[in-house]
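J.: Turn this into a model:
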Amino acid sequence: TRHRRAKKRGPPAQKRRGVVGQRARGGRGQGCALKQVQLNVTDLALGYRSGEEMIFRYCAGPCRKSETNYDKILSNLVQGKRLPPKDRPAQTCCRPVAFDDDLSFLDDNLIYHTMRKHSARKCACV
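T.: Have a look, this model is predicted:
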């Protein structure tokens, strides 16, 4: 898979491990962004025991700027007690809007598994 190819080309695992953000390479680092970390499949804590490494991509960052006038009006009406507090709109959050291709791997018992929608490909405030 693509994840295994990336592993073969990079530096040793000790130097690679850790969080890397796309914006950390020169952008301002603000807002909803796609980030990544190198993990073992076991680190996902989904019950799989495998030493295979993968790149897990995730979404992180604030989404305040994506509030629409509609969201602001609802919030103002709740604050002004014109609407009940239970009607306060949920805040927008940074979430995947597209996912990486399926990930296939062998566990420690040599059983083949495939995970779907496991890692983000594109992020947005929703």
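
J.: Let me see the ranges of the helices in the chain.
T.: 2-9, 13-16, 69-79 (DSSP state H).

J.: Count residues in the vicinity of Met115, would you?
T.: 16 (other Cβ atoms under 10 Å). (C-beta placed from N, C-alpha, C; glycine too.)

J.: correct me, but it touches Asp101?
T.: No. Met115 is beyond contact range of Asp101, at 10.3 Å (criterion: Cβ atoms under 8 Å).

J.: so where's the chain uncertain?
T.: 1-30, 65-66, 89 (pLDDT under 70).

J.: since we're on Lys35, how many residues are nearby?
T.: 19.

J.: so it bridges to which residues?
T.: Beta-bridge partners recorded for Lys35 (DSSP bridges): Gly21, Tyr58.

J.: Could I get the full set of strands for the chain?
T.: 19-21, 33-40, 53-60, 94-99, 103-106, 112-115, 120-125 (DSSP state E).

J.: Now render these as CSV, adding distance to Glu67.
T.: What follows is those, written out as CSV (distance: least, Cβ to Cβ, whole Å):
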stretch, distance to Glu67
strand 19-21, 23
strand 33-40, 18
strand 53-60, 18
strand 94-99, 13
strand 103-106, 34
strand 112-115, 34
strand 120-125, 9
